[in-house]
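Participant: Requesting a structural model of the entry that follows:
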Amino acid sequence: MYFETRSARNTTSLWIAPPFMDGISPHSELPPAPRLLLTPLARLHILTMPKTWTLKVDNYFQANPHCIIATAHVDTFPTDLPLEPNIREPNRKSTTHRQILDSITTQPEKFFSRHNGIVLCANKVKAGKDKLELEILEASEGGSDGIINGGHTILAFETARSYKYNLSKARVKVTIHIGLVEEDASYIALSSNTTAPVDARSKTNAKGDYDFIKSYLAQLGV
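Facilitator: The predicted structure follows:
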């Protein structure tokens, strides 16, 4: 059986109908296409498909079967990772954010050695030659994956990019825990965020800003 068809240029051609349409008139109404029926479990699986994020890395190693430590690029680091496991909400006005932003924008090539790094958890990790693909199962999907420690750091990355800073030489250490349950993720987040902050005078002294005073006092014999 042949059906007459028309293209956009009003040219007429013949279309060969498949065998199952034998006996159907070219002018008759075709039966409706069958509907795809999904079970409730299949619908739930589609709605809760975990999302993936990609980290561009220079290198990485597996510290243990459930932990990977990597050197990641800052200029392409995803800044929309979930923050559910992190116990502190990042604040652009905080001293922590300002200090990290200053470090990443003034000497990006030294950021890796001057920063503690980012800690996160993922449901699964797919490792490639120069990238890590993270499968993240968020709290709304029944998981507990995302940033454990480093919310202010990622916020500083986002701020620096918005001001068009060149971060191509910046790297950051990333610790990735794989398959953590919520209790373990919360424990790591709590222990990572309870360290007493170093006071401003100690930081100034560590940077050598008081060296001239020490030298002067030494000359006086004090």
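
Participant: For the residue lying closest to residue 74 once chain neighbours are set aside, grab phi and psi.
Facilitator: Closest residue to residue 74 in three dimensions, ignoring its sequence neighbours and counting by C-beta to C-beta, 6 or more residues apart in numbering: residue 170, at 3.7 Å. C-betas here are computed from N, CA, C, even on glycine. Main-chain torsions, residue 170, degrees, to the nearest 10: phi -80, psi 140.

Participant: and residue 170, how many neighbours does it have?
Facilitator: 24 (other C-beta atoms under 10 Å).

Participant: So it sits against residue 75, correct?
Facilitator: Yes: taking C-beta atoms under 8 Å as the definition, residue 170 is a contact partner of residue 75 at 6.7 Å.

Participant: what stretches of the protein score poorly on pLDDT?
Facilitator: 1-48, 86-88, 191-208, 210, 214, 221-222 (pLDDT under 70).

Participant: which strand in it runs the most residues?
Facilitator: For the chain, the longest strand by residue count, based on DSSP state E, is strand 51-64.

Participant: what's that one packed up against?
Facilitator: Packed against strand 51-64 by the contact rule (3 or more C-beta pairs under 8 Å, 6 or more residues apart in numbering; DSSP states H and E) you find strand 67-73, strand 131-136, strand 171-178.

Participant: tell me the most buried of the ones you listed?
Facilitator: Most buried of the helices and strands packed on strand 51-64 by mean neighbour count (mean count of other C-beta atoms under 10 Å) is strand 171-178; its value is a mean of 21.

Participant: what does it contact?
Facilitator: Residues outside strand 171-178 that contact it (C-beta atoms under 8 Å, 6 or more residues apart in numbering) are 55, 57-58, 63, 66-74, 77, 111-112, 115-125, 132, 134, 148, 153, 184-185, 188.
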